[in-house]
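In: Okay, sequence plus prediction incoming.
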Amino acid sequence: MKFVEKLLKISSKNDSLLCVGLDTDLNKIPKLLLEKKDPIFEFNKKIIDVTFDLVCAYKPNMAFYEAHGSKGWESLEKTCKYIPQNIPIIIDAKRGDIGNTAKMYAQTFFEKLKADGITLSPYMGQDAVLPFLEYKDKCAFILCLTSNVGAEDFQFLESQGESLYIKVAKKVISWNKDKNCGLVVGATAAEQLKKIREIAADLPILIPGIGAQGGDLKMAVKFGTDRYGNLAIINSSRSILYASNGEDFALKAREEAKKLKKEINLYREK
């Protein structure tokens, strides 16, 4: 099954464009879990249990697992196996290296972890992305316009009358021969998101920056979805994961996810 097909199926089933980012920080999870053998996995397991019917995807961020060495990798593997098979897993790794190295990364994330998608940097060009595109049923989400302040350092630079982020979007479209490319566009840049969606009408767009980063949810939904109100993957991490650090953390996480899903759908209908 192609990534987009899998995404549309779960999005329709759960009536959702919400992606929960599994940026699990040992310093923020409830202290009662720290007594467990694998507190990261135990936390993720609870979050998945209470949100699997509310989401269209999960997005584990590699940094929060790699920081713990082999134990962190084990937690990530267990998390990916635990996520229901009908829900896409997008690994937020932001990799981007020469072809030989990229091939090993692709093998790691797509074969070892069985992930459905991965975030990639386009800076090194096509040969750094091609090894991921060889997996035709997966999706390579290319960083197009990010939600951090430093995005202005390079991504808005103009060449021949076009901003770099526009050139990236157009280049990714040219790579999308097997319908396995997507874009990452921050919710903090609504006007630019609109331009990108007009160019990339049929690409899935992963949209971070909602919640703690201050992105405009209404504009993210309005400009990020395709003409059918789909293909936007709106990510939220901290506001859901850490809605509470007490014994009720799972319940509060579900309440926050449910509230956000409802708000997204309200704007989606309009």
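Out: Here it is on my side, so go on.

In: which element follows the lowest-mean-pLDDT helix or strand in the chain toward the C-terminus?
Out: Lowest on mean pLDDT, DSSP states H and E among the helices and strands of the chain sits strand 158-159, with a mean of 90. The first helix or strand that comes after strand 158-159 along the chain, using DSSP states H and E, is strand 162-163.

In: so where's the protein uncertain?
Out: For the chain, the stretches with pLDDT under 70 are 211-213, 270.

In: In it, which residue is most central in space?
Out: Centroid-nearest residue in the chain, with CA atoms, centre = their mean: residue 59, separated by 4.7 Å.

In: what does the least confident helix or strand of the chain contact?
Out: By CB atoms under 8 Å, 6 or more residues apart in numbering, the residues outside strand 158-159 that reach it are 164, 167. Every residue, glycine included, has its C-beta placed from N, CA and C.

In: roughly how far is it from the heart of the chain?
Out: 28 Å (CA atoms, centre = their mean, to the nearest Å).

In: cool, and stretch 84-93?
Out: Worked out by CA atoms, centre = their mean, stretch 84-93 lies 9 Å from the chain centre.

In: And stretch 92-99, by the same measure?
Out: 15 Å.

In: And it, what's buried?
Out: 92-97 (16 or more other CB atoms under 10 Å).

In: end to end, how far does it reach?
Out: Length of stretch 92-99, first residue to last, CA to CA, to the nearest Å: 19 Å.

In: and what of stretch 242-256?
Out: Using CA to CA, the distance between the terminal residues of stretch 242-256 is 10 Å.

In: if we can go back for a sec, verify the contact between the residue nearest to the centre of the chain and residue 90 for me.
Out: Yes. Counting by CB atoms under 8 Å, residue 59 does reach residue 90; the two are 4.6 Å apart.

In: Residue 255: how many residues sit nearby?
Out: Residues within reach of residue 255, counting by other CB atoms under 10 Å, total 15.

In: for it, what are its contacts?
Out: Counting by CB under 8 Å, 6+ apart, residue 255 has contacts residue 243.

In: for residue 32, same thing?
Out: So residue 32 contacts residue 247 (CB under 8 Å, 6+ apart).

In: Roughly how far does it sit from residue 250?
Out: Residue 32 sits 12 Å away from residue 250, going by CB to CB, to the nearest Å.

In: thinking again about what came up before, what pairs with the least confident helix or strand of the chain, and is each one parallel or antiparallel?
Out: strand 162-163 (antiparallel) (DSSP bridges).

In: Residue 234 falls within a strand, correct?
Out: Yes. According to DSSP: H, G, I helix; E, B strand; the rest coil, residue 234 belongs to a strand.

In: Tell me how far it lies from residue 209.
Out: Going from residue 234 to residue 209 by CB to CB gives 9 Å.

In: quick one: which of these two has more around it?
Out: residue 234 (29 against 24).

In: Show me the beta-bridge partners of the closest residue to residue 224 other than its chain neighbours.
Out: The shortest distance from residue 224 to any non-neighbouring residue, by CB to CB, 6 or more residues apart in numbering, is to residue 232 (3.8 Å). According to DSSP bridges, the partner residues bridging residue 232 are residue 205.

In: burial of residue 232, as a residue count?
Out: Residue 232: 27 neighbours (other CB under 10 Å).

In: In this structure it contacts residue 222, no?
Out: No. In this structure, residue 232 is not within contact of residue 222 by CB under 8 Å, at 9.7 Å.

In: Residue 141: which element?
Out: Taking DSSP H and E as the criterion, residue 141 maps to strand 139-145.

In: and that strand, which strands flank it?
Out: strand 117-120 (parallel), strand 181-185 (parallel).
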